[in-house]
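**Student:** quick one, structure for this:
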Amino acid sequence: MKQVIESIRYVVENARHVSINTQSIKTLAAHIAKEIPNIPGWDYTYHYFNETEKTLFYLFVLDTINFCFWPPPGHERWTITYHGKELSGYYGLAAALKRAFEKGHPLHEVERLASMKMQELQEILSGNGQLQLMEKRLEAIRELGNYLLAKWQGSPALLVDACKGSAVQLALTLGRDLTSFADFSTYKGRKVYFYKRAQILAADIHASFAGKKWGEFHDIEQLTAFADYKLPQVFRHVGVLQYDSELTRKVDGKELIPHGSPEEVEIRAHTIWAVELLRDELRRMGNDIPAFEIDCILWHMGQKDTYRKKPYHMTPTIFY
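**Tutor:** The predicted structure is shown next:
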């Protein structure tokens, strides 16, 4: 997305706390190119899918509350059990919502979204441990429901159709119209755009519908990486991202990094920029992989213990 790339360029050029090691970019690109991994396909085991608009409702709700899965210090990680398997984080959320649909919960009734109560959300996400920012999740679901009612006759399909096959337009529309998707910060007086969840919703629709029907976007390759806390963790492990001594102390000491702080904005901006550099290097090697697919490769790498030796930065936020 042009708006994202143009805004983060200023951050990368003026950063004080984060930098990119270009040699490590080349090393990582060579590692990926040596054995091009299969881009993980959409996991229907843990995601609801039935080819109808109910699937769009599922995806919209999923990515409306797809944020902040790490436990507050001193608390147990949130987990659910689905079909005998314990799940946490994003997959826990995906399965919890799928479980709700399978049990007949009317998450596809937009009026229910607009008026959802905390007890109802807690029942949907019932499990062990603590999932933080529950009030913010409830606010975001209600906002989504009211928005669909007010502007799109209660239909996410009408919203997607209005974007005329543009993943970028869908992300920009969400970022413009919904406060929970308005993922931008201010850095040295300038606005910096990320639109993490808005972009990932477009990518998830594309993946879920296998690039067909509502998932047929003509500009899907224009999406950037989805700046979160897992990709920087991988990049630090392989030496792509380097932090100054003070930020290293904070991240390794698991201090909270405030949302919108210069350190946090630099981490996110450099994550997106590093993926663009990695994409350029892979293309030079003859492997043209879109940024959102490189993101997918790196995110799955981050699920392995090998890439978890350095902590991720901890920022309580609704945006990732």
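
**Student:** what residues does the helix or strand harbouring Leu144 touch?
**Tutor:** Element membership for Leu144 (DSSP states H and E) is helix 134-152. For helix 134-152, contacts defined as Cβ atoms under 8 Å, 6 or more residues apart in numbering pick out 60-61, 64-65, 110-118, 121-122, 131, 154-156, 158-159, 162, 177-180, 318. C-beta: built from backbone N, CA, C; applies to glycine.

**Student:** could you rerun that using 6 Å?
**Tutor:** Helix 134-152 is touched from outside by 64-65, 110, 113-114, 116, 118, 121, 154, 158-159, 178, 180, 318, with contacts defined as Cβ atoms under 6 Å, 6 or more residues apart in numbering.

**Student:** following that helix, which helix or strand shows up next?
**Tutor:** For helix 134-152, the succeeding helix or strand toward the C-terminus, using DSSP H and E, is helix 156-162.

**Student:** any buried residues in the helix or strand just after that following helix, and which?
**Tutor:** Note on helix 156-162: by DSSP H and E, the next helix or strand toward the C-terminus is helix 167-177. Neighbour-count burial for helix 167-177 flags 167-175, 177 (criterion: 16 or more other Cβ atoms under 10 Å).

**Student:** and those residues as TSV, adding distance to Phe217?
**Tutor:** Formatted as TSV, the buried residues of helix 167-177 follow (distance: Cβ to Cβ, whole Å):
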residue	distance to Phe217
Ala167	4
Val168	8
Gln169	9
Leu170	8
Ala171	10
Leu172	13
Thr173	13
Leu174	14
Gly175	16
Asp177	19
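
**Student:** tabulate the residues you listed in TSV, adding columns for pLDDT and distance to Trp42.
**Tutor:** As requested, the buried residues of helix 167-177 are exported to TSV (pLDDT from 0 to 100; distance: Cβ to Cβ, whole Å):
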residue	pLDDT	distance to Trp42
Ala167	98	15
Val168	98	21
Gln169	98	22
Leu170	98	18
Ala171	98	19
Leu172	98	24
Thr173	98	23
Leu174	98	20
Gly175	98	23
Asp177	98	26
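
**Student:** follow-up on the earlier one: can you tell me which of the contacts of helix 134-152 is nearest Gln222?
**Tutor:** Taking Cβ to Cβ as the measure, Gln222 lies nearest Leu159 of the contacts of helix 134-152, at 18.9 Å.
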